[in-house]
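Q: got a predicted model here, sequence first, then my questions.
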Amino acid sequence: MNILLGILKEIWTLLGEMAPYLLFGFLIAGVLNTVIPKNKIYAHFSGRSFWSNVKASLFGVPLPLCSCGVIPVAAYLRKEGAGKGSIISFLSSTPTTGVDSILATYSLLGPVYAIIRPVAAFFAGIFGGTMTNIIDKTVDDNAIQHEGFSCNLCIETEPHSHKFMEKVKAVLRYGFFDLIEDVAKWILIGIVIGAIISFLVADNFVVRYFGNPLFAYPIMLIISIPMYVCATGSIPIAASLILKGMTPGAGLIFLIAGPATNATTISFVGGKLGKKPLIAYLISIIVTGLLFGFLVDHIWKLSGKNIGIFTSGMKMLPAWIKTASAILLIILILRAFLLKILMNKKISIKDENMDNIYKVPDMSCKHCVMSIENEIKKVAGVKKIDISLADKLVKVIGEYKRDDVINAIKNAGYKTEQKH
């Protein structure tokens, strides 16, 4: 009972520190998702120039997309004419950080990490994209310029506008509902793991095995590259390990490599872009992690190994703001879990006509569902779409051509299998 109470106390402490910054970050993310015109963005990503990589990295750094959620966006950019180098830049920079995780990083790890982390993400994007352009000389038939209107609030392709309140609702819906539904599980997992490490793991164990960069750096890379952890969920884990004695540089490697890659993203890059871009992608993450890890540890040594410069976030917020924010965040997270349970029960995939059902094995988050649904809505004759994320199944009702639905799912960036 004492252990359980101790872990719960640590969880509440971490929630109180992170919640105000997370909520503000989710709000900014909603604004970015609503006001940035996507068709203007696509136009800057084509070709093999250095500046297209810079633009892709700049665009990717503030976006609150995890290494899973970034896949449908990258697939769409590719379809719209973005070059391979730009896609690698986008994939390298985007999952590592975002407006929500930058603020959350500041809350637990202080201003040094909050500055270095997005700078490292920007560097990884430029480095990976430039390397792709250098080592992959194949003719890019996909690199064509697309023009046209694109609305952030609906799927209409004809120029139109939305009322101010519609935009406000879209900001709130994306920031506090759609986005939280995507990352709630990983935020909760990160906070729980961080609390367990903080309460149960002995300081001398972490110092012994992770206090030496020669051991800690490669171990962090081996652990981080194949695993899935979102940019925000990785923060409490890294913070707890650093406070226990892990070198700050190793912590930064985890914050970079953990969110940037996972087995699904690696498979996507290799399958969609080829082996050479995949090599450039992985090298960019590894080199960035090691380079900035060394930089952070050098800063730490120059400070006289004062760990306070990496663990002193803003402490000026009143206790009532932290408490209120933590309660609100808990409510939003619980809503996300409850909605997922209800949706899985509500959607019935059973149907006598199995030609209406499609298996999408690499559909894994709310962004995936939204991307697939929006593409299928464009197919003529479609009347109703039911998607079960838990079962990875899509049911499409209406009078349509099956190949059109299959192509729509592929256009969203996913492979599909007809159920029989």
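A: All right, it came through fine. Everything quoted here is computed from the prediction, not taken from an experiment.
Q: where does this structure have its least confident helix or strand?
A: helix 38-42 (a mean of 61; mean pLDDT, DSSP states H and E).
Q: let me see the domain layout of the chain.
A: Following automatic domain parsing, one finds the domains of the chain at 2-329, 347-418.
Q: most tightly surrounded among those domains?
A: Comparing the domains of the chain by mean neighbour count (mean count of other Cβ atoms under 10 Å), domain 2-329 ranks first with a mean of 20. Bear in mind the C-beta positions are built from the backbone N, C-alpha and C, glycine included.
Q: so residue 126 versus residue 278, what's the distance?
A: From residue 126 across to residue 278, the span is 18 Å (Cβ to Cβ, to the nearest Å).
Q: quick one: the helices in the stretch 51-200 of the chain?
A: 70-79, 84-93, 99-135, 164-173, 179-200 (DSSP state H, counting those that start in this stretch).
Q: now the residue nearest the centre of the chain: closest residue in space, sequence neighbours ignored.
A: In the chain, the residue lying closest to the centroid (Cα atoms, centre = their mean) is residue 66, at 1.0 Å. Counting by Cβ to Cβ, 6 or more residues apart in numbering, residue 230 is the residue found nearest to residue 66 once chain neighbours are left out, at 4.2 Å.
Q: tell me the pLDDT at the one you found?
A: Note on residue 230: pLDDT of 78.
Q: show the average pLDDT along stretch 169-184.
A: On average, stretch 169-184 scores 84.
Q: which ones are touching residue 20?
A: Shown in contact with residue 20 (Cβ atoms under 8 Å, 6 or more residues apart in numbering): 107, 317, 321, 322, 325.
Q: in helices, which of those residues fall?
A: Among the contacts of residue 20, the members falling in helices (DSSP state H) are 107, 321, 322, 325.
Q: which residues does the last one contact?
A: Residues counted as contacts of residue 325 (Cβ under 8 Å, 6+ apart) are 16, 19, 20, 22, 23.
Q: A helix includes the fourth one, no?
A: Spelled out, it's residue 22. Yes: the assignment for residue 22 is a helix, going by DSSP: H, G, I helix; E, B strand; the rest coil.
Q: list the contacts for it?
A: Per Cβ under 8 Å, 6+ apart, neighbours of residue 22: 100, 103, 104, 187, 232, 325, 329.
Q: repeat that with 10 Å
A: 15, 100-101, 103-104, 107, 180, 183, 187, 232, 235, 325-326, 328-329, 332 (Cβ atoms under 10 Å, 6 or more residues apart in numbering).
Q: residue 263 against residue 364, yeah?
A: No: if you go by Cβ atoms under 10 Å, residue 263 and residue 364 don't touch, sitting 11.1 Å apart.
Q: so how far is residue 198 from the closest residue in space to residue 204 that isn't next to it in sequence?
A: Excluding the flanking residues, the one nearest residue 204 by Cβ to Cβ, 6+ apart is residue 245, at 7.7 Å. According to Cβ to Cβ, residue 245 stands 12 Å off from residue 198.
Q: what mean pLDDT does stretch 394-402 have?
A: For stretch 394-402, the per-residue pLDDT averages 89.
Q: check the offset of it from the chain's centre.
A: 31 Å (Cα atoms, centre = their mean, to the nearest Å).
Q: how long is it end to end?
A: 13 Å (Cα to Cα, to the nearest Å).
Q: I'd like the numbering to begin with 436 instead of 1 from here.
A: Right, with 436 as the first residue, what we last looked at is stretch 829-837.
Q: now for the ones in helices among the contacts of residue 455, which pair is the farthest apart?
A: 542 and 756 (11.9 Å; Cβ to Cβ).
Q: any shared contact partners between the two?
A: Residues touching both residue 542 and residue 756 (Cβ under 10 Å, 6+ apart): 451, 454, 455.
Q: please name the nearest non-neighbouring residue to the first one.
A: The spatially closest residue to residue 451, leaving aside those adjacent along the chain, is residue 757, at 4.0 Å (Cβ to Cβ, 6+ apart).
Q: so residue 763 touches residue 459, yeah?
A: No: using Cβ under 10 Å as the test, residue 763 is too far from residue 459 to be in contact (11.6 Å).
Q: quick check: mean pLDDT across stretch 714-721?
A: The average pLDDT for stretch 714-721 rounds to 93.
Q: now stretch 678-695
A: Rounded mean pLDDT across stretch 678-695 is 91.
Q: what of stretch 754-770?
A: Stretch 754-770 comes out at a mean pLDDT of 91.
Q: only C-alpha atoms, please: export that stretch in CSV.
A: Below are the C-alpha coordinates for stretch 754-770, written out as CSV (Å, rounded to 0.1, in the frame of the first residue of the first chain):
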residue,chain,number,x,y,z
ALA,A,754,-0.7,25.7,-7.1
TRP,A,755,-4.3,26.2,-8.0
ILE,A,756,-3.4,26.5,-11.7
LYS,A,757,-1.4,23.3,-11.6
THR,A,758,-4.2,21.5,-9.7
ALA,A,759,-7.0,22.8,-12.0
SER,A,760,-5.0,21.9,-15.1
ALA,A,761,-4.2,18.4,-13.8
ILE,A,762,-7.9,17.8,-13.1
LEU,A,763,-8.9,19.1,-16.6
LEU,A,764,-6.2,17.0,-18.3
ILE,A,765,-7.4,13.9,-16.4
ILE,A,766,-11.0,14.5,-17.5
LEU,A,767,-9.9,14.8,-21.1
ILE,A,768,-7.8,11.7,-20.9
LEU,A,769,-10.6,9.7,-19.3
ARG,A,770,-12.9,11.0,-22.0
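Q: and it, how far from the chain's centre?
A: Counting by Cα atoms, centre = their mean, stretch 754-770 is centred 22 Å from the centre of its parent chain.
Q: quick one on the thing from earlier: now do the shared contacts for residue 698 and residue 799.
A: With Cβ under 10 Å, 6+ apart, residue 698 and residue 799 have common neighbours residue 663.
Q: which strand or helix spans the nearest residue to residue 602 once chain neighbours are set aside?
A: Excluding its sequence neighbours, the residue lying closest to residue 602 (Cβ to Cβ, 6+ apart) is residue 469, at 5.7 Å. Using DSSP states H and E, residue 469 falls within helix 437-470.
Q: residue 728 too?
A: Assigned by DSSP H and E, residue 728 belongs to helix 710-737.
Q: what's the end-to-end length of stretch 594-611?
A: 28 Å.
Q: list of residues touching it?
A: Identification of contacts with stretch 594-611 by Cβ under 10 Å, 6+ apart yields 458-470, 499, 534-535, 583-584, 586-589, 591, 613-615, 763-764, 767, 770, 805.
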